[in-house]
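Q: build me a model:
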Amino acid sequence: MVTGANVHDSQAAIPLERMSSERVTHLYSLMDSAYDAKPIKDFIITSGRIPIIDPNKRRKQQRVLSPAEKQRFKIRSTVERSNVHLKDWLIPSKIMVRGPDKVSHCLMTGVLCLAAIKILQYCILPGLQKTA
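A: As a prediction, the model looks like this:
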C-alpha cells in the first residue's frame, strides 16, 4: 500500500491487516509503539489473531509485554534491519515520480535487489563478508 507522506502508518494498519489476512494465515501481529491504539488491537483480536504491540511510553498506564511476547517481538528486529538496508542502500532518498504504480515499482525493485543480495550472501557465496 502506497500512501502520501502526510499519512501516518497507524492509519493504514487496519486495511493492511485486512489485506494480509486475505493472503496469509498468521496468528500474531507484531507492531511497534506507533500502533498502540485500542481500535487496532480490537480489530486484530476480533480477527482471531493476537496483537503483540510495543507499549507506547507516553501512555499514563504502562503495559508490560510478557516474556513470551518479548521473545516473539524480537522477530521485528530482522524486519527493521531489512527496512534500514532498503532505505540506506537500495531506494533513493527522494522518489520524484507521480503515481502509486511508479513508486511501488521503485520500492519493489529495491526489495527484489535485497532478496538477491541475501540469496547471494547466504546461499551462493556464504564465505564473503556480510554487510548487513
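Q: which helix in the chain has the most residues?
A: In the chain, taking DSSP state H as the definition, the longest helix is helix 100-119.
Q: would you mark the buried spots in that helix?
A: Neighbour counts over helix 100-119 (16 or more other CB atoms under 10 Å) mark 110, 114 as buried. Quick note: C-beta positions are derived from backbone N, CA and C, even for glycine.
Q: isn't residue 114 right next to residue 81, touching?
A: No: contact criterion CB atoms under 8 Å: residue 114 and residue 81 do not qualify, at 10.4 Å.
Q: hang on, the earlier thing: need the residues that contact the longest helix of the chain.
A: Contact with helix 100-119 is made by 2, 82, 85, 86, 90, 91, 92, 95, 97, 132, as judged by CB atoms under 8 Å, 6 or more residues apart in numbering.
Q: what's the pLDDT at the residue nearest to the fourth one when sequence neighbours are not counted?
A: Spelled out, that is residue 86. Excluding the flanking residues, the one nearest residue 86 by CB to CB, 6 or more residues apart in numbering is residue 110, at 5.0 Å. Each residue has a pLDDT score; the one for residue 110 is 96.
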